[in-house]
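Colleague: Build me a structure from this.
(one chain, ligands or ions: 2)
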Amino acid sequence: MKKYAVIVAGGSGLRMGTAVPKQFLPLRGKPVLWHSLNTFLAAWPELEIILVLPQDHVHTGKEIVATTSHPARIRITVGGETRFHSVKNGLDCINEPSIVFVHDAVRCLISTNLIHRCYEAALEKGNAIPAIQPIDSLRIETETGNHMLDRQQVRIIQTPQTFYSDLIKKAFEQPFNPAFTDEASVVEKSGIAIQLIEGEASNIKITRPLDILLAEKILEENERR
Ligand SMILES: Nc1ccn([C@@H]2O[C@H](COP(=O)(O)OP(=O)(O)OP(=O)(O)O)[C@@H](O)[C@H]2O)c(=O)n1
Ligand SMILES: C[C@](O)(CO)[C@H](O)COP(=O)(O)O
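Modeller: Ligands and ions are numbered 1, 2, ... in the order given. Model prediction:
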């Protein structure tokens, strides 16, 4: 089946606090975004990428695309005010039945194995969302205090969130709701049950300065193997 990856890189990276948005920061000599693009390009020779960039950084994005393994398989569009709007702009570029991966550009340690597993699971059930178990103890705050949560029942959600194109495009016709934090929340609101599959502990989202240090180490280790 036809495969598209919508790679969202339209954010400004406020929590990272750098002058340049985190997706353009160097990681072992290449921009964070470059690593995500190249891993998806390597997953299948026919996969195409819709890259969503901030309006002010389209030129930088084009320069990065030119250094990837297959620039011709990457189309660029611009992002919106929130992640929801950026994803929607990316989805608007897809007009044929396909499996669609929506991936955070800043989850740049994604493996081809996880991409392939998401594809197989989505093909079978309509959607596949990678998730891992928390390793910390968890508490929820209430009006009167707080109480423990059973961590065996909680999952930490990752990307690529993977769907049949008709299903995700239809879900994104809904009006924006600030409660939407990812594609699974949008698709769930449209009445579809979400299928979780096992994610990867190393599939971290570069969010704060510490994450860059961690990602450097993980990549260094991967290159040594
Ligand atoms: N309007 C937005 C906001 C976010 N993203 C993308 O969504 C991914 C995950 O979002 P997050 O880590 O929150 O990125 P930022 O919004 O850039 O970071 P922050 O919330 O710290 O400002 C990133 O690849 C980011 O570029 C996007 O395409 N468009
Ligand atoms: C989509 C996501 O990466 C799943 O964990 C996450 O919800 C993005 O959230 P953020 O607030 O945009 O970082």
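Colleague: number of nearby residues for the residue in the chain that ligand 1 sits nearest to?
Modeller: Residue of the chain nearest ligand 1, by Cβ to the nearest ligand atom: Gly11 (2.1 Å). In short, each C-beta sits where N, CA and C put it, glycine included. Residues within reach of Gly11, counting by other Cβ atoms under 10 Å, total 20.
Colleague: That one touches Arg83, doesn't it?
Modeller: Yes: counting by Cβ atoms under 8 Å, Gly11 touches Arg83, with 7.0 Å between them.
Colleague: Determine the three-state secondary structure at the residue of the chain closest to ligand 1.
Modeller: Under the three-state scheme (DSSP: H, G, I helix; E, B strand; the rest coil), Gly11 adopts coil.
Colleague: May I have the phi/psi pair for it?
Modeller: Main-chain torsions, Gly11, degrees, to the nearest 10: phi -90, psi 170.
Colleague: Just give the closest residue to it, not the sequence neighbours.
Modeller: Computed as Cβ to Cβ, 6 or more residues apart in numbering, the closest residue to Gly11 that is not its neighbour in sequence is Pro21, at 6.4 Å.
Colleague: number of nearby residues for that neighbour?
Modeller: Residues near Pro21, counting by other Cβ under 10 Å: 23.
Colleague: now swap in Val154 and tell me
Modeller: Residues near Val154, counting by other Cβ under 10 Å, number 12.
Colleague: hang on, isn't it packed against Ile140?
Modeller: No: taking Cβ under 8 Å as the definition, Val154 is not a contact partner of Ile140, at 9.8 Å.
Colleague: show me what contacts Glu223?
Modeller: Arg28 (Cβ atoms under 8 Å, 6 or more residues apart in numbering).
Colleague: Let me know the helix or strand that it is in.
Modeller: In the assignment (DSSP states H and E), Glu223 maps to helix 209-224.
Colleague: Mind telling me which residue of the protein is nearest ligand 2?
Modeller: Closest contact between the chain and ligand 2, by Cβ to the nearest ligand atom, is at Asp182 (3.7 Å).
Colleague: List phi and psi for that residue.
Modeller: phi -160, psi -180.
Colleague: Could I get the contacting residues of it?
Modeller: Arg83, Ile157, Thr159, Gln161.
Colleague: can you pull the contacts of the second one?
Modeller: What that stands for is Ile157. Taking Cβ under 8 Å, 6+ apart as the test, what Ile157 contacts is Ile129, Pro130, Ala131, Asp182, Ala184, Gly199.
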